[in-house]
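[1] return atomic coordinates for the entry below.
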Amino acid sequence: MTDQEKAALEVIRHEVGYRREKQWKIFSWTATILVAVIAGVITLVGDDKFKFPLWPQRAAMAAATIVITVYACHWIHENITFESGARDALTGFFKDNEISKNVIPDPRTSPHFGYSATLILLAVAAVATVLFAGW
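    Predicted coordinates:
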């Protein structure tokens, strides 16, 4: 392998790692916000010190929660697309070696229950909490 091929291989390897880390950061950031919404509303309503007096306030908070979740899921999928491209390039270096295809999983064929599905479930819980807590 030439020095140029080694350098290209290192760049691609770094890109795969970078995209996986970025997906995790987007997921963990968004999940933290959604759990904070749930916990915050339950805590405030449970103390009887806070109420959403009007439906527009509840709707605005629910809408913001949905927008954050949709945006995060979009960027998770964008990073999966970029990671898949980098993975394909990486496995292209080892096209004659079957091990590379099994060692580096393809994120496009990963289980469907992943970051996005988890965020959607958290968002449903957060929206339900915002809309119905304190009734």
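
[2] which is the next helix or strand following the helix or strand where residue 19 lies?
    Residue 19 is part of helix 3-46 when elements are defined by DSSP states H and E. Past helix 3-46, further along toward the C-terminus, the next helix or strand under DSSP H and E is helix 55-93.

[3] so which elements touch the helix holding residue 19?
    Helix 3-46 sits against helix 55-93, helix 115-132, with contacts defined as 3 or more Cβ pairs under 8 Å, 6 or more residues apart in numbering; DSSP states H and E. Every residue, glycine included, has its C-beta placed from N, CA and C.

[4] elements contacting the shortest one?
    Helix 115-132 makes packing contacts with helix 3-46, helix 55-93 when contacts are defined by 3+ Cβ pairs under 8 Å, 6+ apart.

[5] can you list the weak-confidence ranges in the protein?
    By pLDDT under 70, the low-scoring segments of the chain are 49-50, 96-105, 110-112.

[6] centroid residue for it?
    residue 27 (3.4 Å; Cα atoms, centre = their mean).

[7] correct me, but that residue touches residue 73?
    No - under the criterion of Cβ atoms under 8 Å, residue 27 lies out of contact with residue 73, with a separation of 9.4 Å.

[8] okay, and the common contacts of the two?
    115, 119 (Cβ atoms under 8 Å, 6 or more residues apart in numbering).

[9] helix, strand, or coil at residue 113?
    Classification of residue 113 into helix, strand or coil gives coil, according to DSSP: H, G, I helix; E, B strand; the rest coil.

[10] dump the helices and strands packed on helix 115-132 into CSV; add distance to residue 129 as well.
    Supplementary listing: these in CSV, determined by distance: least, Cβ to Cβ, whole Å:
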stretch, distance to residue 129
helix 3-46, 5
helix 55-93, 9
